[in-house]
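>>> Take a look and give me a structure for this.
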Amino acid sequence: MSTYSLKYGKGTVSFQPPANWETKVIHHREPQPVPLEDALQDSLESPIGERPFADWINRFKNILIIVPDVTRYAGMERVLPILFERFPEGISAQIIFALGNHRKQTEDEKKGLLSRAIYEKVPSFDHDCYDNNQLMPVGRTSSGLEVLLNSALFRADAAIVTGSINFHYLAGFGGGRKSIFPGIAGYDTILGIHRQVFKKDSPGKHESACSGVLKGNPMHEEIMEGIALIRTPLFLINTVLDDKKNFLNIFAGNIKSAHEAGCAWYKEHFEAVIKEKADVVIVSSGGFPKDINFIQSHKAIEHAMGAVKDNGIVIVTGRCEDGLGNADFLKWFDHGLSADMEPHARKSDKVYAQTAYATRRKAEQCSIFFVSDLNDESVRKMGLIPKKSVEDAVAAADDGKRKVCCIIPDGSNTLITAKSERAT
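From the prediction side, this is the model:
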């Protein structure tokens, strides 16, 4: 029997599938790193849907740069020093960190995200979604959502929006436009955007509010309606990075068309298409920091669902050394089944309520064995089955019958699609 190893926290775990299981390992493609300066120069000189960066920025005197916070690494400490070399003399700039509703950052974290040189040269500050004095209304979307954004965006002549493309289980993809929504939006606007993932005319989550989908995705479309209300000129710089923080590609230009091009490239390289779904899926969240808590580990469960048969078994490794990810997360499971939880999650003023709801729905579709450092009671309350090791989980899943088993080493970054279900 073959032995397999998966990342778990800052280490690995090993296991052997039973001999009667037909086992295959599912990887995404491995794009080769590109030299940063070359990739950035090419993207700025030939941007998508926008004039070259040198021509674009020469029209302005006061620039706002929107940078993701410490939870959404985009490589800006290497990009920004090169970018500032292309700024014309006399231009004024400041940087806003797109926190969304995340915690405030330390000064060391800010410095690490910008580089020491940029941190000391350019004023920077955290967005605060709860501070009404920072926010300015810019209109309403067709759903009636009031769009409140940080007023710094409207005091600037133009803004450079930065981000890093990855899969997002509600908005389809992360990156770019999410540095504005939820990045520099007011909390009520953030909540309103997240609530778009629910169906309008019946209970449940919209089928297009999922990883790898932009077209018809109600959360993405609400974000883009909000973007359309902004009159400040925007220039997008989206990076694509691997787990070692190497640059794989850069997409710059129009915030809509450049982002769409980047997402298409990302999906081409990080989607794995399988011929048939498996009886058992063994998936790693990808190790630290992807499995730092349950809310982060959930991304791997989301992607594993694309590979498992109905009523199948998913075995997930996610160490969760920082626990669940929110002190109140577990309370959502007091509501019981997903059908009972849904109306509460739909109305909730807590963004993580949707992760709880999504977790409960998955646990009702298949058996999920969760290998982690969480206590057994917490895991069971979420509807999952606690196991201390992958070997224990495999033993529990083995009934002596032949099974098809998929192993996914990088579940957070690998979108799994069955060939029969792939959109044409």
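>>> And for the residue minimising distance to the centre of the chain, nearest residue in space, chain neighbours not counted?
Centre of the chain computed as the mean C-alpha position; nearest residue by Cα atoms, centre = their mean is His168, 3.8 Å away. Distances taken as Cβ to Cβ, 6 or more residues apart in numbering place Gly174 nearest to His168, at 4.5 Å, with adjacent residues excluded. Glycine gets a C-beta too; all of them are placed from N, C-alpha and C.
>>> Surely Val316 is within a strand?
Yes - assessed with DSSP: H, G, I helix; E, B strand; the rest coil, Val316 lies in a strand.
>>> so how many other residues sit close to it?
Other residues lying near Val316 total 27 when counted by other Cβ atoms under 10 Å.
>>> Repeat that for Gly336.
Neighbours of Gly336 under the rule other Cβ under 10 Å: 10.
>>> same deal with Tyr266?
27.
>>> contacting residues around the residue nearest to the centre of the chain?
Neighbour list for His168: 174, 178, 211 [criterion: Cβ atoms under 8 Å, 6 or more residues apart in numbering].
>>> Can I get those in a markdown table including pLDDT, secondary structure and distance to Val351?
Compiled in a markdown table, these are given as follows (pLDDT from 0 to 100; DSSP: H, G, I helix; E, B strand; the rest coil; distance: Cβ to Cβ, whole Å):
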| residue | pLDDT | secondary structure | distance to Val351 |
| --- | --- | --- | --- |
| Gly174 | 93 | coil | 14 |
| Lys178 | 93 | helix | 13 |
| Ser211 | 93 | coil | 17 |
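>>> Could you look up the SS state of Leu374?
Here Leu374 is coil, with the state taken from three-state DSSP.
>>> For it, which non-adjacent residue is spatially closest?
Cys320 (5.1 Å).
>>> Next, the contact list for that neighbour, please.
Going by Cβ under 8 Å, 6+ apart, Cys320 touches 291-294, 297, 372-374.
>>> Same list (those residues) but as CSV, adding neighbour count.
Listed next are the contacts of Cys320 as CSV, based on neighbours: other Cβ atoms under 10 Å:
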residue, neighbour count
Asp291, 29
Ile292, 20
Asn293, 20
Phe294, 29
Ser297, 28
Ser372, 26
Asp373, 14
Leu374, 22
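>>> just these now: which is nearest Thr189?
Asn293 (25.3 Å; Cβ to Cβ).
>>> Show the contacting residues for the closest one.
Residues in contact with Asn293 (Cβ under 8 Å, 6+ apart) are 320-325.
>>> Could you turn the buried ones of these into a PyMOL selection?
Buried residues among these (16 or more other Cβ atoms under 10 Å), as a PyMOL selection:
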select buried, resi 320+323+324+325
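>>> contact partners of stretch 136-153?
64, 66, 94, 96, 127, 134-135, 154, 159, 180, 184-186, 188-189, 192-193, 196, 222, 225-226, 229-230, 232.
>>> and that stretch, how far out from the chain's middle?
In terms of Cα atoms, centre = their mean, to the nearest Å, the centre of stretch 136-153 is set 23 Å apart from its chain centre.
>>> So for it, what gets flagged as buried?
Under 16+ other Cβ under 10 Å, the buried positions of stretch 136-153 are 138, 141, 145, 147-150, 152-153.
>>> Then stretch 226-236?
In stretch 226-236, counting by 16+ other Cβ under 10 Å, buried: 226-227, 230, 232-236.
>>> got the end-to-end distance for that stretch?
Start-to-end span of stretch 226-236 (Cα to Cα, to the nearest Å) is 16 Å.
>>> Might you list the low-confidence residue ranges for this structure?
420-424 (pLDDT under 70).
>>> how about the helices in it?
Along the chain, the segments classed as helices by DSSP state H run 36-45, 53-57, 76-84, 107-114, 116-121, 152-155, 187-194, 218-228, 257-270, 294-304, 338-347, 353-365, 376-381, 390-397.
>>> Check the offset of the third one from the chain's centre.
Here helix 76-84 is found 23 Å from its chain centre; the criterion is Cα atoms, centre = their mean.
>>> Okay, domains of the chain per the record?
4-29+271-421, 36-241 (automatic domain parsing).
>>> For the ones you listed, give me a markdown table that also has distance to Ser257.
Output for the domains of the chain, formatted as a markdown table (distance: least, Cβ to Cβ, whole Å):
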| stretch | distance to Ser257 |
| --- | --- |
| domain 4-29+271-421 | 21 |
| domain 36-241 | 4 |
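>>> what number of residues lie near Ala418?
For Ala418, using other Cβ under 10 Å, the count is 16.
>>> what sits against it?
Contacts here follow Cβ under 8 Å, 6+ apart; on that basis Ala418 touches 273-277, 306-307.
>>> Bridging across strands, which residues link to it?
Ile274 (DSSP bridges).
>>> Ala363 versus that one, what's the distance?
20 Å (Cβ to Cβ, to the nearest Å).
>>> try Val122
On the measure of Cβ to Cβ, Val122 and Ala363 end up 46 Å apart.
>>> Check Tyr73 too.
Using Cβ to Cβ, one gets 30 Å for the distance from Tyr73 to Ala363.
>>> more crowded one of those two?
Legend: neighbour count by other Cβ under 10 Å for Tyr73 and Ala363, higher for Ala363 (20 against 16).
>>> tally of neighbours for Ile65?
Neighbour number of Ile65 under other Cβ under 10 Å is 24.
>>> roughly how far apart are it and Asp126?
Noted for Ile65: a distance of 14 Å to Asp126, by Cβ to Cβ.
>>> go on, Val240?
Val240 sits 25 Å away from Asp126, going by Cβ to Cβ.
>>> Just want to know which of those two has more residues nearby.
The neighbour comparison of Val240 against Asp126 (other Cβ under 10 Å) goes to Val240, with 25 against 16.
>>> Thanks again, I'm all set now.
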